[in-house]
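Peer 1: pasting a predicted model and its sequence here:
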Amino acid sequence: MKHLRQRDIEKLSAYLDQELSPKEMKKFEFRLQSDPTLRAALLEFEKTKKLLVGLPRVSPPHNFTLTRAMAGEIKGRGFYPFFRVASLIATVAFAALVGADAFLFDQVGESRFAAPLAASGLPEDLAMDAQLLDESASEELITKADAVAEQPAELANEDADDQVLPTPTSSRFFESDPAFGANTEQIELTQTACRECPTEGESAVSIPTGAAAERSAIISTGTAADSGVTTPTAQPTLPPSTPPPAADLELAEDASVRSSTTTDVTEPEDRNLLLRIAEVASAFAALLFAAAAFILRRTL
Amino acid sequence: MGRMDDESSSIRAAQRGDLEAFNRLIMEHQSIAFNVAYRIMGDQDSAADATQEAFISAYRNIKRFRGGSFRSWVLRIVTNACYDELRKRRRRPETSLEALSEFADGSESDGFEPLGMHEIEPEAEAERSELIHAIEQCIADLSPEFKLVIVLVDVEGFDYKEVSKVIDRPLGTVKSRLARARANLRDCLRQFGELLPSSLRLEDEVVG
């Protein structure tokens, strides 16, 4: 058994097809004359090539010409990636709009983060109080008045030094319980900074300092005031018909002004309407593009 | 020269969207395209599918054709379509009952156009058919790269440069693949020695 190197096989194959350069051809012919193994291999390659050349051609089963419909479909293929991407974008836009609607706006289209208040230019305290008044209105001002109302009776038996109660926090202020309102004789929201509180009367209020306390609402009841005990609930009380003190009145006016601006729902409603339209439009576009892509995909 | 001019004008017209012009190009090249596909795929149905897919792809990309040999360009698309189909088959191998029965009775001779074999005796025709199947079997056993090169050079008569364009590889690669393909094919055909004509019978010698 005799072996040829791969390089010789390549030369042999190229020589057979006359694909060697003239110089390589002469050199290889010289080798052929002196190497019988190479000559035998060349003969084998020639026979193999002849067998392949003699292979019959196969008739195509049909013509492969393209019809107008096929050409049209081919052109239509170009739109498939467009519709696919467009449907994806529309779907993402729809999801983003729904997400924005759910997380950024409440039912009337008002920002949950009170952006309008920040932009209103009001002092922070006033803005906060106005927001409190705005959001609470009459029924949202319901507090745990009865709980506080009970406290003076208990506290009446204790020393005056112990009558200072922790100021209710603003979070408690928002705890709405309709039952509280029924027992409350009078509910009054006061500015907690003592400098703005009316100083006349025997019911000076001792209020702990602190950021939470500054915006706290103190609930006073007539019962507590009558007891003469100094407590957070022993604010100077006013009958329902009595006009509020000047500071409170001013605050209430500011609040009412602010309330009138924040409860003006025309702008939020417009924004809300635009949001709804955008949501419906994006959903419709997503469906349309997805359907077009699906149809193209099925038909091509 | 006039044929080349016709082809060039048809190509330009097809690039402008003229479907009739492109169909003229198809008519010119569909036979060689289908035969190359058939040698690579091994069966007519797959070859027809690959050829049709290749012409559709060629029409879609005709504007990217920058001149040169249109035949080489089309055949490159055809071979790519065949390789894609072979890759799909490798991922999900399947053997149809039809293919098995064709292989068993060796009666797959429809569509052949015997060259220079008019009025052959039935026995001789049967032997020739067996020889053709033996050669095709050996070609089918080659790797797709070897298969393509040996079909283009020995069956279709391409020169090395055009093969280089079709497979998009340098001339050295063509030479190397062709030599290996011929050596492998010769070794394979040696086992069918009794089918070969005496003048083409191979010696019992192993080279390589």
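Peer 2: Yep, that arrived. Treat the numbers as computed from the prediction; the structure is a model and nothing was measured.

Peer 1: tell me the pLDDT at the spatially most central residue of chain B?
Peer 2: Centrality entry for chain B: nearest residue to the mean C-alpha point is B:Val36, 2.0 Å, by C-alpha atoms, centre = their mean. Listed pLDDT for B:Val36 reads 95.

Peer 1: what do you get for the one 3 residues further on?
Peer 2: According to the prediction, B:Arg39 has pLDDT 92.

Peer 1: that one touches B:Ile139, doesn't it?
Peer 2: Yes - with contact defined as C-beta atoms under 8 Å, B:Arg39 counts as touching B:Ile139 (6.2 Å). Where C-beta positions appear, they are placed from N, C-alpha and C, glycine not excepted.

Peer 1: distance from the chain centre to stretch B:29-42, please.
Peer 2: 4 Å (C-alpha atoms, centre = their mean, to the nearest Å).

Peer 1: mind listing residues that contact it?
Peer 2: Stretch B:29-42 has contacts (C-beta atoms under 8 Å, 6 or more residues apart in numbering or on different chains) with A:57-60, A:63-65, B:44, B:46-48, B:50-51, B:54-55, B:70-71, B:74-75, B:78-79, B:81-83, B:85-86, B:136, B:139-140, B:144, B:147-148, B:151-152, B:155-156.

Peer 1: out of the residues you listed, list just those in helices.
Peer 2: Mapping the contacts of stretch B:29-42 onto helices (DSSP state H) picks out B:44, B:46-48, B:50-51, B:54-55, B:70-71, B:74-75, B:78-79, B:81-83, B:85-86, B:136, B:139-140, B:144, B:147-148.

Peer 1: near chain A too, which of these?
Peer 2: B:44, B:47-48, B:51, B:55, B:136, B:139 (C-beta under 8 Å from any C-beta of the partner chain).

Peer 1: ok, of those residues, which come out buried?
Peer 2: B:44, B:47-48, B:51, B:55, B:139 (16 or more other C-beta atoms under 10 Å in any protein chain shown).

Peer 1: reformat those residues as JSON lines; add pLDDT.
Peer 2: Shown next, in JSON lines, are these (pLDDT from 0 to 100):
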{"residue": "B:Gln44", "pLDDT": "92"}
{"residue": "B:Ala47", "pLDDT": "94"}
{"residue": "B:Ala48", "pLDDT": "95"}
{"residue": "B:Thr51", "pLDDT": "95"}
{"residue": "B:Phe55", "pLDDT": "94"}
{"residue": "B:Ile139", "pLDDT": "93"}
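
Peer 1: pull the most distant pair out of those residues.
Peer 2: For those, the maximum inter-member distance is 23.8 Å, found between B:Phe55 and B:Ile139 (C-beta to C-beta).

Peer 1: measure A:Thr37 to A:Leu43 for me?
Peer 2: 11 Å (C-beta to C-beta, to the nearest Å).

Peer 1: again with A:Val85
Peer 2: 62 Å.

Peer 1: domain map for chain B?
Peer 2: Listed domain ranges for chain B are B:1-94, B:96-208 (source: automatic domain parsing).

Peer 1: C-alpha coordinates for stretch B:136-151, CSV please?
Peer 2: Taking C-alpha atoms only, stretch B:136-151 is exported to CSV below (Å, rounded to 0.1, in the frame of the first residue of the first chain):
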residue,chain,number,x,y,z
GLU,B,136,-24.9,9.4,-5.9
GLN,B,137,-24.6,7.4,-2.8
CYS,B,138,-20.9,8.1,-2.5
ILE,B,139,-21.5,11.8,-3.2
ALA,B,140,-24.2,11.9,-0.6
ASP,B,141,-21.7,10.5,1.9
LEU,B,142,-19.4,13.4,1.4
SER,B,143,-19.6,16.4,3.7
PRO,B,144,-21.6,19.3,2.2
GLU,B,145,-18.5,21.4,1.5
PHE,B,146,-16.7,18.6,-0.3
LYS,B,147,-19.9,17.7,-2.1
LEU,B,148,-20.5,21.2,-3.5
VAL,B,149,-17.0,21.6,-4.8
ILE,B,150,-16.8,18.3,-6.6
VAL,B,151,-20.3,18.7,-8.1
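
Peer 1: gap between it and the chain center?
Peer 2: With C-alpha atoms, centre = their mean, you get 9 Å for stretch B:136-151.

Peer 1: and the contacts of that stretch?
Peer 2: Taking C-beta under 8 Å, 6+ apart as the rule, stretch B:136-151 contacts A:52, A:55, B:36, B:39-40, B:42, B:79, B:82-83, B:86, B:163, B:166-167, B:174, B:177-178, B:180-182, B:184-185, B:188-189, B:192.

Peer 1: buried among the residues you listed? Make that a ChimeraX selection.
Peer 2: The buried subset of these, as determined by 16+ other C-beta under 10 Å, is captured in ChimeraX by this line:
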select /A:52,55 /B:36,39,40,42,79,82,86,163,166,167,174,177,178,180,181,182,184,185,188,189,192
